[in-house]
Structures are given as structure tokens and as C-alpha cells.
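Colleague: Need coordinates for the following:
(2 chains)
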Amino acid sequence: MLDRRDVVARLLKDRGEALVITGLGAATYDVAAAGDDARNFYLWGAMGGAALIGLGLALAQPDRPVVVITGDGEQLMGLGAFATIAVQAPANLTIVVLDNGLYGETGGQRSHTSGGTDLAAVARGCGIAAASRVTDQAGVEALAATIATPAGAPRVVVIAVDPAEAPRVLPSRDGAYVRGRFQAALGLAA
Amino acid sequence: MDGSVPAPAALAWPDAIFAELQRWGVRQVAYVPDGGHARLIRAVHAEPSMRAIPLTTEEEGIAVLAGAALGGQRGVLLMQSSGVGNCVNMLSLVKSCGFPLLALVTMRGEWGEFNPWQVPMGSTTEAAFGLMDVGARRADRPEEVAETVAAAARMVFEGGSAVAVLLGQRLIGAKVF
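Modeller: Below is the predicted model of the structure:
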């Protein structure tokens, strides 16, 4: 099975101008482990909000690729986001869901994706046509090759990853600092 | 028709809000469909400089507007008082990161309300915002709306505050069936 740290490191290696939002929990640690960057906005809460922060950012910065990296549990708390994003159809938004089938932060309880929920199918059903499931390295490479290039339509890529827990790599928990740093990296007044 | 009984100046105050949003350069207008805001929502959809963003639930708007602010755009959230409780945890984003937030909330459950299910959230709307340190300002008369929205917008867009404007049900007119 794919290792989540390897997947995220590969996706961000050629990130180009991409702006990255992370869903709370392991996805935040995975992105931090790949290397801290002022263009990363790490969530430590606001569960269910990652993809929607990505939407607002993608609409505000239409010339930059925006990549949301989150987990199955975080996305399950905000399934309506797929419908809201589909209506807006931002050309530059990619949502990567690292699907390990469990809630790693809270004791490893099985998530709904272990019980039959197919997040790519949910996204398609909400109107995001470019929604797919990746289970092998070839799929990761194909996504990595286009991560820095806005796809012309929103896309959701669910990547099946090994449920093994990786060592925690903790980025700043100071939300105001991370926000200000991110905005400064875009040349905006914080 | 949105089913509401127009108050005497009902045609004017939504237009006054729209003018303020234009004046402040608001680009993203996230909303949950609402009779009180119906006229404003129509105006936003017709305005090319604004992006109308229908939500499936109110807390989505808190996240969308945080993303807008991260990317340098101003936004506003339109909703009904019944949705404020949905937003409480997502407001930790605003509080933890210091994001600006402007919410324009039409009130239910406080003036001639026919539906008792609207009363519990309508009577605790300001308190629910207060739980997460979102300031609330009220407008109950048509002539108060523009100045209240303008004052809130200044606090939000120049001061970085989180402010909700509560548009009283007396202003909007009680919904009838």
C-alpha cells in the first residue's frame, strides 16, 4: 500500500506556485514533514473546512494552483463541500484526500470509507466530474505531474494509503502567525 | 415570491446593503438561501464583480471566507438566525487565526413568528456569536441598515474584526403561510 508520507512528499516536490491547505490531523503532519513553506496553511481544527478554505482561496487567487491535502475523516465531516465546490467550478482547485479508512487522531476507529462510502463517487455525484481514486504509484506520479498546473476544472483525488501511523511532525499551531506568513508570501497585507 | 410580508421600506434596505457591499469591494458572497435576503441574493447573482456562493450549510461560509481572506479578497456571509449555531466550531478558525468576518443575519423567531421551531435559535443568536467573540450589531429599522452595515464593514475590513449584523424580524416582516 502507498505510504502517506511518500505520497505527500512526491506531490509537493514539484509544487511550483501551488498554495496548500491541510486538513487537521495526519494530513497536517504529512505536509509539515515534506518541508515547511510559507505557502502552506495548516489546520489544527475547523474539521470539515479544509476543502472550503481551498475554495475561497482558489476563487481569490485564480491564477495560482490551490491544493487541499486532507484525510477521509476530515472530508467526511464536510461532504456538502463537494456540492458547494461543484457549483463554483474553480479551475485551479485540487482536493487530495488521503484515505486510510480510519480516524487516526482518536484511536483508529474505522471511518465510513471502511464501511462502504466512496468519496470519489460522492464527489462525482455532487457534480465534480474529475474525481478519481488512486491506489498505486503510477496514479501518484500522474497527479504529481499536473499538481502545479491548474486543471481547468476542480478535481478530487482520493488516494488509498496505508493505515500505519507515521511519526508526528508538528508545524506551528499559531494560526495568526501561519495566516500572516501565508498572506505575506502572496504579497498581501496581513 | 419568498413568502414574506414586506415591511414598509422592504424594497430599500436590501439595496442599501448591496450598495455598501459594492462600496467596500466585497467579492465573495457566501449564502444560505433565505427569504429576507432574497432580493440581495438576486442582486449579487446579477453583479459581475461579485461571486455568489450558495452553501449547503452555514459553517461552510466561515471556511470559504477564511480562504478568501487568505487570498486577499473581501467576503460576506448571508444567512438566517437559525444557522448561527451551526457555525460555532468553525468560528474557531476566525478566532484562532484572526480572520476578518462579516455576517449579515436575518432574524427569525423574535417578532410575530409563526413557527415555534425558529424561536430557540432566534432567541440565542447573539449569545451564540458571543460564545466565539463575534460582535453583534442590530438594525431594526430600515433607516438603520446602511449605517449599521457600513460601521460593521469598517470594523471588519479595516480593523480585522469579526462582526455580525442582526437584521431584526420586525424589519424583514414576519413570514406567513
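Colleague: Get me the contact residues on chain B for chain A.
Modeller: Proximity of chain B to chain A is confined to B:27-28, B:51, B:53-57, B:59-60, B:62-73, B:75, B:89-90, B:92-93, B:96-99 under the rule CB under 8 Å from any CB of the partner chain. All C-beta atoms are positioned from the backbone trio N, CA, C, and that covers glycine.
Colleague: Now, of those residues, which are buried?
Modeller: B:27-28, B:51, B:53-57, B:59-60, B:62-71, B:73, B:75, B:89-90, B:92-93, B:96-99 (16 or more other CB atoms under 10 Å in any protein chain shown).
Colleague: For the residue nearest the centre of chain A, give me its contacts.
Modeller: Geometric centre of chain A, nearest residue: A:Ile69, 1.5 Å, by CA atoms, centre = their mean. Neighbour list for A:Ile69: A:8, A:11, A:20-23, A:27, A:30-31, A:96, A:98 [criterion: CB atoms under 8 Å, 6 or more residues apart in numbering or on different chains].
Colleague: rerun that using 7 Å as the cut-off
Modeller: Counting by CB atoms under 7 Å, 6 or more residues apart in numbering or on different chains, A:Ile69 touches A:8, A:20, A:22-23, A:27, A:30-31, A:96, A:98.
Colleague: Would you check which pair of the residues you listed lies furthest apart?
Modeller: Greatest spatial distance in the contacts of A:Ile69: A:Val20 and A:Leu98, 13.2 Å, computed using CB to CB.
Colleague: Would you agree B:Arg27 is in contact with B:Gly71?
Modeller: No - B:Arg27 is beyond contact range of B:Gly71, at 9.8 Å (criterion: CB atoms under 7 Å).
Colleague: A:Ala131 belongs to a strand?
Modeller: Yes - the assignment for A:Ala131 (DSSP: H, G, I helix; E, B strand; the rest coil) places it in a strand.
Colleague: Count the residues that sit near it.
Modeller: Applying other CB atoms under 10 Å in any protein chain shown, we find 24 residues neighbouring A:Ala131.
Colleague: Likewise for the one 5 residues further on?
Modeller: For A:Asp136, the count of nearby residues is 12 (other CB under 10 Å).
Colleague: who touches the residue nearest to it when sequence neighbours are not counted in this structure?
Modeller: Spatial nearest neighbour of A:Asp136, excluding adjacent residues (CB to CB, 6 or more residues apart in numbering or on different chains): A:Leu2 at 7.3 Å. Counting by CB under 7 Å, 6+ apart, A:Leu2 touches A:137, A:140, A:159-162.
Colleague: Looking at the residues you listed, which one is closest to chain B?
Modeller: Relative to chain B, the closest of those is A:Ile159; by CB to the nearest CB it sits at 22.2 Å.
Colleague: Now do the contacts for the nearest residue to that closest one once chain neighbours are set aside.
Modeller: Spatial nearest neighbour of A:Ile159, chain neighbours left out: A:Val134 (4.6 Å); criterion: CB to CB, 6+ apart. Taking CB under 7 Å, 6+ apart, we find A:Val134 in contact with A:140, A:143, A:157, A:159.
Colleague: hang on, the second one in a strand?
Modeller: Just to be clear, that refers to A:Leu143. No - under the criterion used here (three-state DSSP), A:Leu143 is helix, not part of a strand.
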